[in-house]
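Novice: what follows is a predicted protein model with its sequence.
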Amino acid sequence: MTAPDAALAERKEVAAGAGLASFGLLVSGIFNLLLLTVLTRALSKADFGLFSLVYLIQDTTSALLPLGLPAALAYFVPRRGDPGARALGFWTGGLLFLLAIPAALILVVAAPLISSDPQSGVILRLLGLYILGDFPGQALPAYLLARRSYRAFFIVTLAFAISRFASLAIPAALGASLTTIMGWFLLVAGLRLLMFLWYFLFAAEGSLSRKHVSARELLAYGFPLSLSTLVGKLNVQADKYGVALAASKEVLAVYTVGAVELPLVSSLAYSVTNTLVPTLTLTHAKGDRDGFLRYWHGSVEKIATIMMPVFFYFLILAEPAMRLLFSAEFAAAAVPFRVYLFLLPLRLCSYGSVLRALGETKPILTSSLVALAINAVLIFPLYHLMGIAGPALASDLALFVNIVLLLGRIRVHLNLDWSRVLPFKHLLRTTLVAGLAALPLIAVLRIVKGDLLQLLVGLAVLTLIYLILGRRTHVIAKGDLHYLVGLATLRGLWDRRAARSDAR
């Protein structure tokens with residue numbers, strides 16, 4: 001096989017595996033959306049507001065306190081290779097368990113100080129126990145992704161998503177109390193911990209010797225990334241904390257439902273880039289800038305092909321979507337939902353993950369700090385000026401500045417002109433085609449009656465027109481539809497290319 005043929009085969013293999021892994025995260029995101037649907041209907045507004053606050057604390061804690069160690073695996077495991085990879089994964093999980101202990105103690109001991117409500121105190125204690133299992137469990141999917149074991153990553157991600165959904169949705173639908181619901185949620189953390197221990201102790205191959213692991217090296221890479229994650233997470237959640245301080249639990253419940261990004265962001269755009277980090281790391285280590293850009297820009301173009309029509313679809317049909325998913329009580333959630341939608345065209349990849357592949361983590365922290373400052377300054381003035389649309393707009397503006405700063409650093413590192421940082425011409429053409437295809441949805445909204453019917457007819461109309469225009473303008477390539485069908489039918493679970501990736 002010639003060098004160009006080998007490079008093409010490698011790109012197809014990575015695309016097949018990364019697509020399968022990203023599809024797993026997309027399914028996980030859909031389960032999270034379904035969870036919101038169940039909980040908003042099963043719980044009272046006051047209970048859902050309390051759950052939203054507790055879940056917010058859990059989400060923030062689980063993302064911030066691991067100090068970037070799971071993300072560090074994606075950089076060091078490909079470079080280390082065998083026999084030290086297994087040791088890196090296992091002992092990283094051990095470090096994560098140690099980090100969980102003080103966080104758990106704080107929640108368990110200080111629960112009465114955090115909230116005087118007895119029910120809230122019990123829930124916070126259960127949350128403290130939850131993170132003891134959740135933290136080390138985070139190392140397993142991160143390790144599988146770093147090893148480019150895409151099929152195993154998909155299975156583990158799906159298992160986590162289903163068990164998480166079942167532990168919260170089923171007891172809520174049966175009328176259980178929040179305390180009981182959190183008790184079942186605790187079992188999910190136990191499942192993660194058991195899967196982590198079983199895999200590294202019995203299934204994985206390689207040495208478990210600590211001589212292959214440098215905690216200092218992991219922390220030196222991960223700690224700046226952790227701080228940037230901390231700031232970035234606060235930036236994403238700052239508007240919700242702001243609404244919690246400025247409004248009632250009922251308003252927070254409505255805002256929480258609407259101020260949510262579609263699963264396509266974290267489950268597709270971010271996950272595709274994250275799955276490419278090991279490949280981008282190796283490509284950059286070889287000094288292959290053109291290959292680096294082919295992988296990165298190619299993923300951005302494919303993501304835009306999906307993101308742009310989704311953006312226009314929900315922008316026009318936001319009201320029926322909110323009413324259908326969360327009931328007419330939450331119809332006002334369409335306001336922050338629409339504002340949040342404008343994040344969709346911005347998040348075509350995880351720009352921070354691209355920098356991670358380049359070995360840089362400090363610029364991610366700097367840009368996140370700037371974005372947080374902008375968000376903090378604008379949240380309350382915009383809330384008082386625009387109502388619940390204001391905090392969402394503050395998040396949009398902060399993210400835009402963040403992305404510009406990250407792209408600037410990537411441009412400098414790769415020595416690129418601004419015109420080459422992103423495939424701007426392709427992105428503009430995709431946006432125009434998607435916008436034209438979505439125009440008939442305005443008529444659908446006026447002519448068709450019923451929320452479900454509006455959404456179904458709108459989807460059919462948009463899909464048909466977008467496919468026709470996309471093929472004629474070459475926005476949609478010949479192989480794109482075949483690729484999407486392969487993902488939807490889970491062909492990657494038995495595809496030879498995915499199997500070869502797992503064999504590594």
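Specialist: Received, thanks. Remember, it's a predicted structure, so these values are computed and weren't measured experimentally.
Novice: show me what the helix or strand harbouring residue 393 is packed up against.
Specialist: With secondary structure defined by DSSP states H and E, residue 393 is part of helix 389-414. Here helix 389-414 touches helix 215-246, helix 289-316, helix 334-341, helix 351-357, helix 362-386, helix 418-421, going by 3 or more Cβ pairs under 8 Å, 6 or more residues apart in numbering; DSSP states H and E. C-beta coordinates here come from the backbone N, C-alpha and C atoms, glycine included.
Novice: wait, which of those helices is closest to residue 458?
Specialist: Closest approach to residue 458 among these (Cβ to Cβ): helix 289-316, 6.5 Å.
Novice: in that closest one, which residues are buried?
Specialist: Of all the residues in helix 289-316, those buried under the rule 16 or more other Cβ atoms under 10 Å are 291-293, 295-297, 299-316.
Novice: picking up where we left off before, how far away from the center of its chain is the helix holding residue 393?
Specialist: Its chain's average C-alpha position is 17 Å from that of helix 389-414, according to Cα atoms, centre = their mean, to the nearest Å.
Novice: buried residues of it, list them for me.
Specialist: Burial within helix 389-414, assessed by neighbour count using 16+ other Cβ under 10 Å, is assigned to 389-396, 398-399, 402-403, 405-407, 409-410, 413-414.
Novice: over to stretch 175-193?
Specialist: Those would be 176, 178, 181-186, 188-193, for stretch 175-193 by 16+ other Cβ under 10 Å.
Novice: contacts for that stretch?
Specialist: With contact meaning Cβ atoms under 8 Å, 6 or more residues apart in numbering, stretch 175-193 is reached by 42-43, 47, 50-51, 54, 119, 122-123, 126-127, 129-134, 136-138, 140, 159-160, 163-164, 167-168, 170-172.
Novice: distance from that stretch to the middle of the chain?
Specialist: On Cα atoms, centre = their mean, the centre of stretch 175-193 falls 22 Å from that of its chain.
Novice: please identify the most buried of the helices and strands packed on helix 389-414.
Specialist: Ranked by mean neighbour count, the helices and strands packed on helix 389-414 are led by helix 351-357 with a mean of 25 (mean count of other Cβ atoms under 10 Å).
Novice: for it, packing partners?
Specialist: Against helix 351-357 (3+ Cβ pairs under 8 Å, 6+ apart) you get helix 69-80, helix 215-246, helix 271-285, helix 362-386, helix 389-414.
Novice: if we go to 6 Å?
Specialist: Applying 3 or more Cβ pairs under 6 Å, 6 or more residues apart in numbering; DSSP states H and E, we find helix 351-357 packed against helix 271-285, helix 389-414.
Novice: output these in CSV, with mean pLDDT and distance to residue 466 appended to each entry.
Specialist: As requested, those are exported to CSV (pLDDT from 0 to 100; distance: least, Cβ to Cβ, whole Å):
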stretch, mean pLDDT, distance to residue 466
helix 271-285, 79, 20
helix 389-414, 88, 25
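Novice: select, out of the helices and strands packed on helix 389-414, the one closest to residue 445.
Specialist: Nearest to residue 445, of the helices and strands packed on helix 389-414 and by Cβ to Cβ, is helix 289-316 at 6.4 Å.
Novice: tell me what angle the following helix or strand past the closest one forms with helix 289-316.
Specialist: Per DSSP H and E, helix 289-316 leads on to helix 318-326 as the next helix or strand towards the C-terminus. Helix 318-326 runs at 90 degrees relative to helix 289-316, counting by axes from the mean of the first three to the mean of the last three Cα atoms, to 10 degrees.
Novice: quick revisit: show the buried residues in the contacts of stretch 175-193.
Specialist: Restricting those to buried positions leaves 42-43, 47, 50-51, 54, 122-123, 126-127, 129-134, 136-138, 140, 160, 163-164, 167-168, 171-172, with burial counted as 16+ other Cβ under 10 Å.
Novice: give me the number of residues near residue 280?
Specialist: 26 (other Cβ atoms under 10 Å).
Novice: and the nearest residue to it once chain neighbours are set aside, what does it touch?
Specialist: Closest residue to residue 280 apart from its sequence neighbours, by Cβ to Cβ, 6 or more residues apart in numbering: residue 357 at 3.6 Å. Residues in contact with residue 357, defined by Cβ atoms under 6 Å, 6 or more residues apart in numbering, are 277, 280-281, 284.
Novice: now distance to residue 154 too, for these, in CSV please.
Specialist: Conversion of those to CSV gives the following (distance: Cβ to Cβ, whole Å):
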residue, distance to residue 154
277, 17
280, 20
281, 21
284, 26
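Novice: so which of these wins on neighbours?
Specialist: Each of these was scored by neighbours using other Cβ under 10 Å; the highest score is residue 280's, at 26 neighbours.
Novice: ok, residue 476 to residue 425 distance?
Specialist: Applying Cβ to Cβ, to the nearest Å, the value for residue 476 to residue 425 is 16 Å.
Novice: likewise residue 177?
Specialist: According to Cβ to Cβ, residue 177 and residue 425 sit 56 Å apart.
Novice: re earlier: make CSV out of the helices and strands packed on helix 351-357 and add distance to residue 440.
Specialist: Converted to CSV, the helices and strands packed on helix 351-357 look like this (distance: least, Cβ to Cβ, whole Å):
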stretch, distance to residue 440
helix 271-285, 30
helix 389-414, 26
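Novice: to residue 468, which of those helices lies closest?
Specialist: Once the helices and strands packed on helix 351-357 are compared by Cβ to Cβ, helix 271-285 is nearest, at 25.9 Å.
Novice: show me the contact partners of that closest one.
Specialist: By Cβ under 6 Å, 6+ apart, the list of residues contacting helix 271-285 from outside reads 14, 18, 21-22, 25, 74-75, 78, 145-146, 148, 291-292, 295, 299, 349-350, 353, 356-358.
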